[in-house]
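*Asks:* 3D, please:
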Amino acid sequence: MENIYGIVLAGGSGKRLWPLSRHGFPKQLIPFGQTSLLSQALARLQEIPFITHTAVVTTQEYAADIQEKIDKDSRIIVEPIAKNTAAAILLSCLQIAQTDPRATLLFAPADHVVSQQQAFSAAVCAALSYVSDNDRLALIGITPTHASTAYGYIERGHDDFLRATDLFNIVSFHEKPSREVAQGYLSMNTMLWNCGIFCARAQTFIELFMRHMPELYAQVKEGRYHDIAPISFDKGVVEKVHDAVVVHGKFSWTDVGTLEQFIDQSQKNSPNKNVVVLDCNNVRAFAQDKLIVLYGVENICVVETDDTIVVMNTEHSNTMDRVVEHLHIKGYEHYL
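*Replies:* Got it, this is the predicted structure:
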């Protein structure tokens, strides 16, 4: 194989994790266990034998802080401003292809929790092995464990694409479904969660952008970053590709995109001693300084920081970005 780059996407501000995530302290740098989500994402990629280089793509706003917290061997790719994952991936491809046109690139988000490193490495290596010999895009999908309405789904083919592998053709992509539809997906062994991990040759990525997003390609190529309309790589490219493949990953995976998920995952290894729960159902709490007591309530999430207390119904955890926008409109920027 040629050089293979494992690149962590770390440009988001994490509005859905407010008030833990702020403009000056994004979700990828929040303490998580003994390190941070970003450090763990990089470490996962560095343990994969095929990967020869690692990098982080982030915005100018966070670049200096991230540079201080990662090892010197990892490269920083800097966006002028966050414009979602399509622009971040294209910018990375163009920069790396300038000096290493034969490179293969793998992109993975910074805000995921993955256990079973060996199974994760096996899935990534299967995808990388395939794209190294084929001008195609490969994704990684995960068997759903519950009827999630927060994730997109990949419908894979019935038969392995290659004998004795977990590589499949992709039949279709499905947007975040309703609860009823998601429940139906659980009974289909061909439905996978789209975990946002993509790999292909650098030139394959670039050609896909030229074909499916020519305006974005021109804007990034010409440095007109502020003209870009934010769009995800899934929406802008992946869902338009008819010959992409998916590796059926057999590892445990969680997208830490909401306060609920963050609290659940972070407290698995280090329970919050400032939280007391009595006679409650479906409650979560995170306390930095004060003691939080939850008694006789249900479906509640509480977060306390040095300047903010948030109490919300757990049904709204996926839309915390609405609160952030509301606070911005009301003039509470100093809390954001």
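*Asks:* beta-bridge partners for the spatially closest residue to Gln46 that is not a sequence neighbour, please?
*Replies:* Nearest residue to Gln46 in three dimensions, chain neighbours excluded: Thr54, at 5.7 Å (C-beta to C-beta, 6 or more residues apart in numbering). The C-beta positions use only the backbone N, C-alpha and C, and glycine is treated the same way. Note on Thr54: beta-bridge partners by DSSP bridges are Gly6.
*Asks:* please give me every residue in contact with Thr54.
*Replies:* Contacts of Thr54 were listed using C-beta atoms under 8 Å, 6 or more residues apart in numbering, and they are 5-8, 42, 45-46, 73-75.
*Asks:* what's the neighbour count on Val311?
*Replies:* Number of residues near Val311 (other C-beta atoms under 10 Å) recorded here: 12.
*Asks:* what about it, which SS state?
*Replies:* The local conformation at Val311, judged by DSSP: H, G, I helix; E, B strand; the rest coil, is strand.
*Asks:* pLDDT wise, what is the closest residue to it other than its chain neighbours at?
*Replies:* Distances taken as C-beta to C-beta, 6+ apart put Val302 closest to Val311, at 5.2 Å, once the chain neighbours are dropped. Looking at Val302, its pLDDT stands at 94.
*Asks:* beta partners of Val302?
*Replies:* Applying DSSP bridges, one finds that Val302 bridges with Ala285, Val311.
*Asks:* would you mind measuring from it to Ile170?
*Replies:* Noted for Val302: a distance of 41 Å to Ile170, by C-beta to C-beta, to the nearest Å.
*Asks:* quick one: contacts for the residue nearest to Val311?
*Replies:* 283-286, 292, 294, 309-311.
*Asks:* of the residues you listed, closest to Ala182?
*Replies:* Closest approach between the contacts of Val302 and Ala182, by C-beta to C-beta: Arg284, at 21.1 Å.
*Asks:* confidence score at the closest one?
*Replies:* 92.
*Asks:* list the contacts for it?
*Replies:* Contact partners of Arg284, counting by C-beta under 8 Å, 6+ apart, are 259-260, 263-264, 300-302, 314.
*Asks:* mind redoing it with 7 Å?
*Replies:* 260, 263-264, 301 (C-beta atoms under 7 Å, 6 or more residues apart in numbering).
*Asks:* cool, Asn299 as well?
*Replies:* 282, 313-315.
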